[in-house]
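1. sequence and predicted structure below; questions after.
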Amino acid sequence: MVAEPGRSALTAVFRAMAGDPAVVDEVVAAARAESAEVARLPPAENRRHVEVMLAAGLAAFVRPGQPGDPERGPERGPELGPDSGPEIHPQVRPDVDPDFEAAALLGADRAAQGVPITALLRGVQAGRSRAVQIAMERARAAGVPAELMLEVLLESDRYTGALEIHVITGYHDAELELARTARDARTQVLRRLLLDDARTLTADELAETGLQPHGQYHCVVSDVTDPLRARAMERQLATNPGLFGLVDGKLTGIAGRLPASGPPDAQALVVVAPQAPLDRIRPLYALCLNALGAAEELGLRGLHHVTDLAGQSALSTQPAMADLLSRTLLGALDPADSFHRQLAATVLAYLDHGQRFDRTATALHVHPNTIRYRLTRFEETVGTSLEAVTVESRAAVMDTLHWWWALRTWLGPP
């Protein structure tokens, strides 16, 4: 039997992992790297399930009566004699363990979002492997005996095997439920419009959804990924004619007209495109997706037209150029220096407010002279004058764009 200090150390490792956001980040990154379909979902949607499942899985090994509990030794299987082999824990009983509800919900949500089951399992397995790797590295660093690490590793394989069964079960149950409803057929039409070719849809298929072959429609994309939240918001966004569903994990749709009051969910971000015929909806969907990502980086909420985000969307597709420009123009600034960050933020606000000292000062709640002082210090630090960006010429417009883009990149997301 392994000494109690080893079990206490292992329990401490598990509890620390359960409360460490960095572990969740690494597990999410592993899942997204392994599965392109999972990576198309917003990272927040991946985190939503990983946080719950990781916490439940780690808790299963530290709660009383479970492996790793310092208040008890390892359970034994049937007594087969002194030479019967190493001690093992009894197999996890997934049929009665409520921890697996999160796994079943993950499967159901991904089925509703249209993520293939094979892609989902690739992501789950990659995330699981990374979580186990982190646990073993931390346990070794904490001095946990190798035999105890092996014992718990074997038990984790049983647990995660049962977890995957519940993911699959939840997925297939949701698939069957969707197949029994007209809603799934409508969602499939929507996905074909946005991801394939509208010309492959027959007039009868369109008629069943209420869409007109020669109608004009807005493409609507939101950042809402939770199926329950999406269903509630869809009821208020959908118009007649209109078609909404989860596409690439996000509440998306096409609508004949837009809601007058914006999205009903105050925390939601929604991007809409101008009206267009159905055969032009697919490229508009790609533009809306890109604009949504740019709007998320800016911390926006509410309803925004894709054309209002044209500049940010175009720039967001060139991260390598943004990084190069930032290092070229702002190489003298130190990201770890709070005063340098204040200077950069002030100059960015100055550009955002039409290069007006009074408007910038109002926005930052300081005196205009403070803005002048910070701009002077910024110019001294980077060794370049901002005077060129105030000259009314085409070159000045491009110079302003370069500085704005470099500052936004250097400061990072708001």
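-> Structure's in. What do you need?
2. which residue, other than its chain neighbours, is closest to the residue most central in space within the chain?
-> Nearest residue to the geometric centre of the chain (C-alpha atoms, centre = their mean): Pro43, 1.4 Å. Distance criterion C-beta to C-beta, 6 or more residues apart in numbering; nearest residue to Pro43, sequence neighbours excluded, is Val28 at 6.2 Å. Quick note: C-beta positions are derived from backbone N, CA and C, even for glycine.
3. and the one you found, that's in a helix?
-> Yes - checked against DSSP: H, G, I helix; E, B strand; the rest coil, Val28 lies within a helix.
4. which parts of the longest helix along the chain are buried?
-> With secondary structure taken from DSSP state H, the chain has its longest helix at helix 146-179. For helix 146-179, a neighbour-count test (16 or more other C-beta atoms under 10 Å) marks 148-149, 151-152, 155-156, 158-160, 162-164, 166-171, 174-175, 178 as buried.
5. go on, stretch 24-31?
-> By 16+ other C-beta under 10 Å, the buried positions in stretch 24-31 come out as 24, 26-31.
6. distance from the chain centre to that stretch, please.
-> Its chain's C-alpha centre and that of stretch 24-31 lie 11 Å apart, by C-alpha atoms, centre = their mean, to the nearest Å.
7. for the protein, what spans make up the strands?
-> For the chain, the strands defined by DSSP state E occupy 216-222, 242-247, 250-255, 269-272, 276-277, 302-305.
8. what angle sits between the first one and strand 242-247?
-> To tie it back to what came earlier, the one meant is strand 216-222. 30 degrees (axes from the mean of the first three to the mean of the last three C-alpha atoms, to 10 degrees).
9. partners of strand 216-222 in the sheet?
-> Applying DSSP bridges to the sheet, strand 216-222 is found paired with strand 250-255 (antiparallel), strand 269-272 (antiparallel), strand 276-277 (antiparallel).
10. can you list the domains in this structure?
-> According to automatic domain parsing, the chain is divided into the following domains: 4-74+89-179, 214-314, 319-411.
11. got TSV for these, with mean pLDDT too?
-> What follows is the domains of the chain, written out as TSV (pLDDT from 0 to 100):
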stretch	mean pLDDT
domain 4-74+89-179	76
domain 214-314	85
domain 319-411	87
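12. who touches the nearest residue to Ala276 once chain neighbours are set aside in this structure?
-> Sequence neighbours aside, Leu284 is the residue nearest to Ala276 in space, at 5.8 Å (criterion: C-beta to C-beta, 6+ apart). Neighbouring residues of Leu284 by C-beta atoms under 8 Å, 6 or more residues apart in numbering: 219, 273, 276, 306.
13. at 6 Å what do you get?
-> If a contact means C-beta atoms under 6 Å, 6 or more residues apart in numbering, then Leu284 has 219, 273, 276 as its contacts.
14. thanks a lot, catch you later.
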